[in-house]
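Undergrad: Pasting the sequence and the predicted coordinates here, then a few questions.
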Amino acid sequence: MYDKIQNIRGENMQNRIKPFVKWAGGKGSLLNQLNNYYPSELKNGKIECYIEPFVGGGAVLIDILQNYDVKEAYAFDINIDLINSYNVIKNNVEELITNLKLLEKEYLNLEKDDRKEYFYNIRKQYNSYRITKDEMSLQKAIEFIFLNRTCFNGLYRVNKNGDFNVPMGNYKNPTICDEENLRALSELIKNVNFEYGDYKASQKYIKKNTFVYFDPPYRPLNITSGFTSYTKEDFDDENQKELALYYKELNNNNVKVMLSNSNPKNTNKEDCFFENIYKGFNINEVYAKRMINANSNGRGEISELLITNYESDNPCYGEIGCIAGNTILKPIISN
């Protein structure tokens, strides 16, 4: 596996493996900056196990697999169809590609009104059945990827009944089957264990020399920004506090931990929610582009938080307003 990864490392970023889905809160645009905050133990080969309890689109997982030698990797998510799709890509990518290419050909050959009917038929079929954590469904993965690539803004959102309810997007020629990327991703994740479950399911894999990256559902900055929820369960302030307790538990076990979340000070300068629940840890402010939003006026640069239980060897660490790449990094040390 690692010989193949070594060949990828020398390529340009645009030719590298990408997430197979568009995902709200995806970290693809922040990878250069996140690299600056990875623990030095990962960079010098001392980290043997990588765990991502909220894998989502997997941009950070892919980045670490391509650039660092970890012996074990575990990824979790409470979106069962997302985990199923990862496992289908990992274990049955050729059949997946064959079927996606057929759907892509059929869809792109249709006129606009016929495309609309086609999309909503697939969505209806997708919502008509559920899979269990113990099965791997090729059909579900096909529908999941098709809907993600053709729906509005590539957003994944479900209602309280668990039904996918995002409308059709207005794309002229969407790429439904990125054949080359799917094959490369399949090879890259061959040794990754993907499991359906919440972040606490990762506990059994915690061991010495482990790095854990948390990218939970972000705390909403306002009522309307909560549209990014991708399961029928909410992740409220109490859930955020429970996650902070788990973060502290890992810290007590000498695990290297990094966590991303929204910065409430974007809308309320007096809101110290994260400074309070992560008191004593290193809190950095990162400016990034928010790529998925229901309102186009709400897109653009926004501040996010990056919280670590270790000091970074990033040259910007400790310098107010230091610019790394296209991102401004501001440390907020929580005492």
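TA: Looks like it came in fine.
Undergrad: Give me the helix or strand of the chain that scores worst on average pLDDT.
TA: Among the helical and strand segments of the chain, the one scoring lowest on mean pLDDT, DSSP states H and E is strand 322-324, with a mean of 38.
Undergrad: what's the distance between V60 and N173?
TA: Per C-beta to C-beta, to the nearest Å, V60 is found 29 Å from N173. C-beta: built from backbone N, CA, C; applies to glycine.
Undergrad: Equivalent analysis for E179, please.
TA: Taken as C-beta to C-beta, the span from E179 to N173 is 15 Å.
Undergrad: So which residues of the stretch 151-300 of the chain form helices?
TA: According to DSSP state H, counting those that start in this stretch, the stretch 151-300 of the chain carries its helices in the segments 179-188, 237-252, 273-277.
Undergrad: so can I have TSV of those helices showing mean neighbour count and mean pLDDT?
TA: What follows is the helices of the stretch 151-300 of the chain, written out as TSV (neighbours: other C-beta atoms under 10 Å; pLDDT from 0 to 100):
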stretch	mean neighbour count	mean pLDDT
helix 179-188	18	98
helix 237-252	16	97
helix 273-277	18	96
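Undergrad: which stretch among these comes nearest N209?
TA: Distance to N209, taken as C-beta to C-beta, is lowest for helix 237-252 among the helices of the stretch 151-300 of the chain, at 13.0 Å.
Undergrad: ok, and what's touching the closest one?
TA: With contact meaning C-beta atoms under 8 Å, 6 or more residues apart in numbering, helix 237-252 is reached by 199-200, 206, 212, 214, 216, 219, 257, 259, 261, 273, 277-278, 281, 307, 309.
Undergrad: Recalculate using a threshold of 7 Å.
TA: Y199, K200, I206, V212, F214, P216, R219, V257, L259, I277, Y278, N309 (C-beta atoms under 7 Å, 6 or more residues apart in numbering).
Undergrad: do stretch 46-59 as well
TA: Against stretch 46-59 from outside (C-beta under 7 Å, 6+ apart): 19, 21, 23, 25-28, 31, 39, 41, 60-61, 64, 70-77, 199, 202, 205, 207, 209-216, 256.
Undergrad: quick one on the thing from earlier: put together a markdown table for the helices of the stretch 151-300 of the chain, with distance to F164 on each row.
TA: Formatted as a markdown table, the helices of the stretch 151-300 of the chain follow (distance: least, C-beta to C-beta, whole Å):
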| stretch | distance to F164 |
| --- | --- |
| helix 179-188 | 21 |
| helix 237-252 | 22 |
| helix 273-277 | 30 |
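Undergrad: wait, which of the ones you listed is closest to E104?
TA: Of these, nearest to E104 by C-beta to C-beta is helix 179-188, at 9.7 Å.
Undergrad: Could I get the contacting residues of F164?
TA: The neighbours of F164, taking C-beta under 7 Å, 6+ apart as the test, are R123, Y126, N127, L147, V158.
Undergrad: Next one: the spatially closest residue to it that is not a sequence neighbour from E95, what distance?
TA: Spatial nearest neighbour of F164, excluding adjacent residues (C-beta to C-beta, 6 or more residues apart in numbering): V158 at 5.5 Å. Distance from V158 to E95, counting by C-beta to C-beta: 26 Å.
Undergrad: what does K116 give?
TA: To E95, K116 is 28 Å away according to C-beta to C-beta.
Undergrad: What of R130?
TA: The value you get for R130 to E95, if C-beta to C-beta is used, is 21 Å.
Undergrad: the more surrounded of those two?
TA: The neighbour comparison of R130 against E95 (other C-beta atoms under 10 Å) goes to E95, with 13 against 10.
Undergrad: and the nearest residue to that one once chain neighbours are set aside, what is it in contact with?
TA: Leaving out its chain neighbours, the residue that sits closest to E95 by C-beta to C-beta, 6+ apart is L138, at 6.0 Å. Going by C-beta under 7 Å, 6+ apart, L138 touches V88, N92, E95, L96.
Undergrad: so what's the last one up against?
TA: This means L96. Contacts of L96 (C-beta under 7 Å, 6+ apart): V88, I89, L138, A141, I142, L182.
Undergrad: The fifth one contacts T98, doesn't it?
TA: No. Assessed by C-beta atoms under 7 Å, I142 is found out of contact with T98, at 9.8 Å.
Undergrad: more neighbours, those two?
TA: A direct count of neighbours by other C-beta under 10 Å for I142 and T98 places I142 higher, at 23 against 12.
Undergrad: All set now, cheers.
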